[in-house]
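In: Give me the fold of what follows.
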Amino acid sequence: MRLSRTIFLLLIGCLPGGFCACGQEIMNKDSLLRLLPAAKEDSNKVLLYINIGQQYESNEPEKAKRYYLQARDLSERIRWPRGFIKYATNYTYVLNMQGLFDSGLSVNLQALAVARKINDSLYIGKTLFNTGTSYRMLGSYEKALEYYEEGRKIVSRLGDDRMEAQLYDILQALYLVLQRYDKGVEYGKRAVALSRKADNPQWLGSSLTNLGLNYSSLKRYDESLSLYMEALGISRRIGDKNMESAEYLNIADDYIGKMDFAAAKPWVEKALVLSRELELYESEAIANRILSVVYLHARDYPKAMAYGQRSLSITRQYHLDMQRQKTLSHLSLLAYAMQDDRLGATYERASDALDDSLINETIRKNSIELEKKYETEKKEVRILQLEDDKKLQQLTIRQQHTLNYILIGGGVVLLALSILSYRNYRQKQKLHRQRIQELETEKKLEATEAVLKGEEQERARLAKDLHDGLGGMLSGIKYSFNTMKGNLIMTPENQQAFDRSMDMLDSSIKEMRRVAHNMMPEALVKFGLDVALKDYCNDINLSGALHVSYQSYGLDRVEIDQTTAITIYRIVQELVNNALKHAAAKTAIVQVTRAEQTISVTVEDDGKGFDPAILDRARGIGWSNIRNRVEFLKGKLDIRSEAEKGTSVHIEINNV
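Out: Residues are numbered from 1 along each chain as shown. Predicted structure coming up:
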């Protein structure tokens, strides 16, 4: 399990060509401070504030922020918008170092608005990059790509190799987060080559670090360690303690990946000292957790628990929810290793609850974003409708004037034309209402589709993380315990405790695999819907809670789209779960058939039944999920049930 890699992306804080205080002569900190009292209140003093702040940002970030804020205030007083953009770029660099990504995004959006107002292409491109980076740090990767792509088009027109080097570094960092590591390596090599050509150690250190993270994710530790060591040398040479702290943690993380815990210990201890000095709260929390892992493998449980508790305290104090979930999960394993089952279960429940909360928050944010898009488009449709109504009203008035003139010549003709005009008007109104209803239905289906796909993608990711990450770790622990057992002499009591721990470990592995399988059945991805449903029904039968008879016809001769297959699988899973939990059924039948372009799904049980009318008032999410999925597939749902006579649910899905 990787403990730290996704944290140490060196953030882009100062893109080349105008963002740094380039107007100041390169001087040391003391010399710059001596210039400050005599400086005039103009743009040069803004650059002086920024240059002084840059001298502090790596080692004393809070002091750097104070000078950047003075640069902002002076820029606003003298009405120099480019000075405000320079302040924003440097100030958000420090905010990102401290993990204050929300604050960084707010400042970057202000800078982007200023750049657009003065219509400077260079500054627009750079503020777009910085804003995209803020969205990336907040986990809004779609938004990040949107801003990066707009900025990329501007950079390509400018033809600046130095900016291109940093663009490649940004892209390799984004592909790292998206877990497309081969693509990240491709862009990372370009970023390193261009950074060497530019002869800028800060950019080169960032490119080396991010490329190392991609190699590390591919478990190519020798290559990643070589890159981290080079970046560490650069950080020491230029005095960048933030980069130095990141390299210490990255090196320690690679040694953890290689299961060399003794080699990891001195590196993470250095990282802990620096992260405390620089007030890098997230890095400090991770360093404490890594040290807890090191002492756990050394069987020094008191120290392991002390470092783990310190990590947990930091994550709570600074609201680092993702790191808190990882620390809770580690503390659960530590407690079980100490044979404190009650404490282990307590930490495990807290970890699971927080993990569910993070997933729900992600889904909630995606849903809100989709809802905003839908409401915006709905308003646009309403505006168009009002414009059409206005045109129709104007047309009706003209027709009425014409008819008044015709009335003088013949009342019968006027009456006939009035009736035809009225019918025409009503028909157009009806067509407009139908079109609006169709648009609203389409948007709701699109929103439902996006939520369902996001849910299944998140299930697949979590299932993979459980199986590959936690499963691998538990299996490794079991192997280590078995190896240790042959080399130890234990009393009968210790032997009994050891065997009980091994049984618990086996149960944990089985339970983890069961949860991963339920979240995204491997058979569904590899062998299709028919095999997955058959395996699911067999699993229910083996549990003894319900006897399920599965029948299928025509599924083996066609290939069903994976999104459709997953949706049908979830519907059947929910219906069988209802029969098991609510209907008190003893037997159930699941039938899935395909004829021509139609798939029919029938689930029947011999349970206690219910009145289908209550479903219209039900507030539970079970039937709501079933209805949403059927609507997403554009299918028909028929529910028949009576008290003490069981329940039959029939679904037809056309054009499959």
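
In: Any stretches of this structure with poor pLDDT?
Out: Flagging of the chain using pLDDT under 70 yields the residue ranges 1-27, 360-418, 420-488, 507, 510-520, 523, 617-621, 655-656.

In: Centroid-nearest residue for it?
Out: Nearest to the mean C-alpha position of the chain, by C-alpha atoms, centre = their mean, lies Gly139 at 4.8 Å.

In: Now it. Its backbone dihedrals?
Out: Here is the backbone geometry of Gly139 (degrees, to the nearest 10): phi 90, psi 10.

In: same question, Ala298
Out: Per-residue torsions, Ala298: phi -90, psi 0 (degrees, to the nearest 10).

In: And it, how close does it get to Leu580?
Out: In this view, Ala298 and Leu580 are 46 Å apart by C-beta to C-beta, to the nearest Å. Placement of C-beta: from N, CA and C, glycine included.

In: Which one's more surrounded, those two?
Out: Between Ala298 and Leu580, counted using other C-beta atoms under 10 Å, the more crowded position is Leu580 (18 against 13).

In: Gly544 is in contact with the more buried one, correct?
Out: No. Taking C-beta atoms under 8 Å as the contact criterion, Leu580 and Gly544 are not neighbours in contact, 11.3 Å apart.

In: domains of this protein?
Out: 17-133, 363-517, 523-653 (automatic domain parsing).

In: If we go by neighbour counts, what in stretch 173-181 is buried?
Out: Buried residues in stretch 173-181, defined by neighbour count with 16 or more other C-beta atoms under 10 Å: Ala173, Leu174, Tyr175, Leu176, Val177, Arg180, Tyr181.

In: Then stretch 341-357?
Out: Judged by neighbour count using 16+ other C-beta under 10 Å, the buried positions of stretch 341-357 are Leu343, Gly344, Tyr347, Glu348, Ala350, Ser351, Leu354, Asp355.

In: which of the residues you listed lies closest to Arg72?
Out: Closest approach between the buried residues of stretch 341-357 and Arg72, by C-beta to C-beta: Leu354, at 36.8 Å.

In: Tell me who's in contact with that closest one.
Out: Neighbouring residues of Leu354 by C-beta atoms under 8 Å, 6 or more residues apart in numbering: Asp321, Arg324, Gln325, Leu328.

In: Which members of those occur in helices, if any?
Out: Under the assignment DSSP state H, these contribute Asp321, Arg324, Gln325, Leu328 to helices.

In: how deep is the first one tucked in, by neighbour count?
Out: Think Asp321. With other C-beta under 10 Å as criterion, Asp321 counts 15.

In: Please list only the buried members of the ones in helices among the contacts of Leu354.
Out: Those of these that meet the buried threshold are Arg324, Gln325, Leu328, by 16+ other C-beta under 10 Å.

In: Share the number of residues neighbouring Asp561, please.
Out: Residues contacting Asp561 under the criterion other C-beta under 10 Å number 10.

In: Determine which two of the buried residues of stretch 341-357 are furthest apart.
Out: Farthest-apart pair in those is Leu343 and Asp355; separation 18.5 Å (C-beta to C-beta).

In: Verify the stated contact: Ile599 with Ile653.
Out: Yes. Counting by C-beta under 8 Å, Ile599 sits close enough to Ile653 to count as a contact (4.6 Å).

In: When these two are compared, which one has more neighbours?
Out: Ile599 (24 against 21).

In: OK, contacts around that one?
Out: Per C-beta under 8 Å, 6+ apart, neighbours of Ile599: Ile560, Ile568, Val592, Thr593, Glu652, Ile653, Val656.

In: Which members of those are positioned in strands?
Out: Among the contacts of Ile599, the members found in strands (DSSP state E) are Val592, Thr593, Glu652, Ile653.

In: how about the third one, what does it touch?
Out: Glu652 makes contacts with Thr598, Ile599, Ser600, Val601, Gly635, Lys636, as judged by C-beta under 8 Å, 6+ apart.

In: Quick check: the gap between the spatially closest residue to the first one that is not a sequence neighbour and Ala165.
Out: Beyond its immediate neighbours in the sequence, the residue positioned closest to Thr598 (C-beta to C-beta, 6 or more residues apart in numbering) is Asn654, lying 5.2 Å away. Using C-beta to C-beta, we find Asn654 at a distance of 54 Å from Ala165.

In: In a markdown table, list the contacts of Ile599 along with distance to Ser292.
Out: Listed next are the contacts of Ile599 as a markdown table, based on distance: C-beta to C-beta, whole Å:
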| residue | distance to Ser292 |
| --- | --- |
| Ile560 | 47 |
| Ile568 | 44 |
| Val592 | 49 |
| Thr593 | 55 |
| Glu652 | 55 |
| Ile653 | 51 |
| Val656 | 52 |
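
In: Now do the strands in this protein.
Out: In the chain, the strands defined using DSSP E lie at 547-553, 587-595, 598-605, 636-641, 647-653.

In: Just tell me which of the ones you listed ends up closest to Ile286.
Out: strand 547-553 (46.0 Å).

In: what angle separates that closest one from strand 587-595?
Out: Interaxial angle, strand 547-553 versus strand 587-595 (axes from the mean of the first three to the mean of the last three C-alpha atoms, to 10 degrees): 10 degrees.

In: name the helices or strands packed onto strand 547-553?
Out: Under the contact criterion of 3 or more C-beta pairs under 8 Å, 6 or more residues apart in numbering; DSSP states H and E, strand 547-553 touches helix 529-543, strand 587-595.

In: Mind listing what's buried along that strand?
Out: Buried residues in strand 547-553, counting neighbours by 16+ other C-beta under 10 Å, are found at Val548, Tyr550, Ser552.

In: What pairs with that strand, parallel or antiparallel?
Out: strand 587-595 (parallel) (DSSP bridges).

In: measure the nearest residue to Leu312 once chain neighbours are set aside to Glu284 for me?
Out: Excluding the flanking residues, the one nearest Leu312 by C-beta to C-beta, 6+ apart is Thr327, at 4.9 Å. Per C-beta to C-beta, Thr327 is found 12 Å from Glu284.

In: which one of the two has more residues nearby?
Out: Taking neighbours as other C-beta under 10 Å, Thr327 and Glu284 compare with Thr327 leading, 30 against 25.

In: Correct me if wrong: that one contacts Arg310.
Out: No. Thr327 is beyond contact range of Arg310, at 9.5 Å (criterion: C-beta under 8 Å).

In: sorry, back to before: reformat the buried residues of stretch 173-181 as CSV; add distance to Met338.
Out: Compiled in CSV, those are given as follows (distance: C-beta to C-beta, whole Å):
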residue, distance to Met338
Ala173, 38
Leu174, 40
Tyr175, 40
Leu176, 35
Val177, 35
Arg180, 39
Tyr181, 35
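
In: Of those residues, which is the nearest to Lys526?
Out: For the buried residues of stretch 173-181, the nearest to Lys526 is Arg180 (21.9 Å; C-beta to C-beta).

In: if we can go back for a sec, make TSV from the buried residues of strand 547-553 and add distance to Asn108 to it.
Out: Listed next are the buried residues of strand 547-553 as TSV, based on distance: C-beta to C-beta, whole Å:
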residue	distance to Asn108
Val548	55
Tyr550	55
Ser552	54
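
In: Can you get me a residue count around Leu227?
Out: 23.

In: Could you number the chain from 424 rather than 1 from now on?
Out: Shifting the count to begin at 424 puts that one at Leu650.

In: Quick check: it vs Ser706, distance?
Out: Taken as C-beta to C-beta, the span from Leu650 to Ser706 is 19 Å.
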